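>>> Could you look at this predicted model? Sequence included:
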Amino acid sequence: MSEVTVRELRNHGGEVIDRVAGGETVTVTRAGKRVAELRPLTRPPLKATALLAGWRRLPPVDPREVRADIDAVIDPSL
């Protein structure tokens, strides 16, 4: 979590909001004391129909290929 002063927020408000929109939480200070916190809003949960529609668009996965890829990276004797 980063901090900005009230003055920095006033002078560079757009940049601070861009950081928050990107997922960062920012604490606002005045005279060295924490007075506010800016954090991204939580997204509303996806409905089941939207999740299912997204899953249906995923490419098929061959478990043998996945296993071969994993074995190529990790010692198969583990």
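Here it is on my side, so go on.
>>> helices and strands of the chain: which one has the lowest mean pLDDT?
helix 63-73 (a mean of 91; mean pLDDT, DSSP states H and E).
>>> how much distance is there from that one to the middle of the chain?
Distance of helix 63-73 from the chain centroid (CA atoms, centre = their mean, to the nearest Å) equals 28 Å.
>>> One more: stretch 13-30?
Distance, stretch centre to chain centre, for stretch 13-30: 14 Å (CA atoms, centre = their mean).
>>> from now on call the first residue 7
Renumbered: residue one is now 7, and that last one reads stretch 19-36.
>>> all strands for the chain, in order.
8-11, 32-36, 39-44 (DSSP state E).
>>> Could you list the buried residues of the longest one?
Applying a neighbour-count criterion of 16 or more other CB atoms under 10 Å, one finds Leu44 buried in strand 39-44. Heads up, the C-betas are built off the backbone N, CA and C, glycines and all.
>>> Identify the residue spatially nearest to Gly29, adjacent ones excluded.
Pro46 (5.6 Å; CB to CB, 6 or more residues apart in numbering).
>>> Good, we can wrap up now.
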